[in-house]
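*Asks:* 3D, please:
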Amino acid sequence: MKIDWAALGSVFGVSLVATVALVGLFTLGVVGLSKQESATAGGGSAVLARTGAYACFALCAAAVAYGIYLIVT
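*Replies:* Coordinates of the predicted model:
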């Protein structure tokens, strides 16, 4: 049995980068929601924080859905 170490390292690297990116994106969404709660009511900053948080969560969901799509097909 022969192991292709270059391919294994490539898969490891891509998995590591994707995991760090998704966790970072989700963290930005959580921080955006916490800033939205601490912002003044009715201010433009609160709306911007909420919109940014929802965009981060939507990108996380899209990345997960794409990963599931790649596994299924």
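*Asks:* on contacts alone, who are the packing partners of the helix or strand containing residue 22?
*Replies:* Using DSSP states H and E, residue 22 sits in helix 5-38. If contacts are counted by 3 or more C-beta pairs under 8 Å, 6 or more residues apart in numbering; DSSP states H and E, helix 5-38 sits against helix 44-72. Bear in mind the C-beta positions are built from the backbone N, C-alpha and C, glycine included.
*Asks:* so what pLDDT did residue 41 get?
*Replies:* Per-residue pLDDT puts residue 41 at 59.
*Asks:* which ones are touching residue 49?
*Replies:* Shown in contact with residue 49 (C-beta atoms under 8 Å, 6 or more residues apart in numbering): 32-33, 35-36, 39.
*Asks:* which residue is nearest the centroid of the chain?
*Replies:* residue 22 (3.0 Å; C-alpha atoms, centre = their mean).
*Asks:* just checking, it touches residue 62?
*Replies:* No: look at residue 22 against residue 62 with C-beta atoms under 8 Å: they stay out of range, at 10.6 Å.
*Asks:* Right, I'll call it a day here.
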